[in-house]
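> Okay, here's the prediction I keep looking at, along with the sequence it came from:
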Amino acid sequence: MSKITRFEDLECWQEARKLVQEVYKICRNPNFKKDFRLIGQIQGAAISTMANIPEGFIRKSTKEFIQFLFISLSSDAEVQSHLYVALDQEYITMEEFERVFNQADKTAMITSGLIKYLRRISTKQTK
């Protein structure tokens with residue numbers, strides 16, 4: 001495996017970027033557009049999912065990077081929770097809900113895998 005030197009090369013960031021795109025897409029729904037508070041919350045959480053990955057990556061400390069990846073995971077879960085509100089208020093269809101929810105799941109799975117990997121190599125380096 002080659003060393004990653006740019007956050008754009010991280011698969012979790014690429015998937016988080018897709019999540020942001022999906023969230024913005026559903027927020028264009030006519031009924032959803034009227035709920036400014038929920039739009040702000042879900043878009044902010046999606047952006048946080050994406051933004052915390054490079055913020056941690058640039059720190060050059062594995063411990064700090066892991067911390068920011070956990071923040072990204074938390075924001076990812078927040079997106080999923082907001083999706084339930086959007087579904088319950090009939091702002092989005094079940095199909096839209098599942099598409100965006102699954103993208104959030106995929107992002108979280110890859111981010112969690114990176115956390116496990118970083119912990120493993122961090123433990124090996126301290127032995």
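Arrived safely.

> what's the pLDDT at residue 56?
For residue 56, the model assigns a pLDDT of 96.

> Quick one: residues contacting it.
64, 65, 66, 67, 68, 69, 71, 72 (CB atoms under 8 Å, 6 or more residues apart in numbering). Glycine gets a C-beta too; all of them are placed from N, C-alpha and C.

> hmm, 7 Å instead?
64, 65, 67, 68, 69 (CB atoms under 7 Å, 6 or more residues apart in numbering).

> Where do the helices of this protein begin and end?
Using DSSP state H, the helices of the chain run over 11-26, 30-33, 36-57, 62-88, 94-126.

> how about low-confidence regions in this protein?
1-2, 125-127 (pLDDT under 70).

> and if we set it to 50?
Counting by pLDDT under 50, the chain shows no low-confidence range.

> circling back to that earlier point, turn the helices of the chain into a markdown table, including distance to residue 5.
Converted to a markdown table, the helices of the chain look like this (distance: least, CB to CB, whole Å):
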| stretch | distance to residue 5 |
| --- | --- |
| helix 11-26 | 13 |
| helix 30-33 | 38 |
| helix 36-57 | 10 |
| helix 62-88 | 14 |
| helix 94-126 | 15 |
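
> Pick the one among the contacts of residue 56 closest to residue 55.
residue 68 (5.3 Å; CB to CB).

> ok, the closest one - contacts?
52, 53, 55, 56.

> quick one: the second one and residue 8 touch, right?
No: no contact is recorded between residue 53 and residue 8 when judged using CB atoms under 7 Å, the distance being 9.9 Å.

> mind checking the end-to-end distance for stretch 3-21?
Taking CA to CA, to the nearest Å, the first and last residues of stretch 3-21 lie 27 Å apart.

> can you pull the buried residues of it?
7, 10, 12, 13, 15, 16, 17, 18, 19, 20 (16 or more other CB atoms under 10 Å).

> Show which residues not belonging to it make contact with it.
Applying CB under 7 Å, 6+ apart, the external contacts of stretch 3-21 come out as 46-47, 49-50, 53-54, 57, 72, 79, 103-104, 106-107, 110-111, 114.
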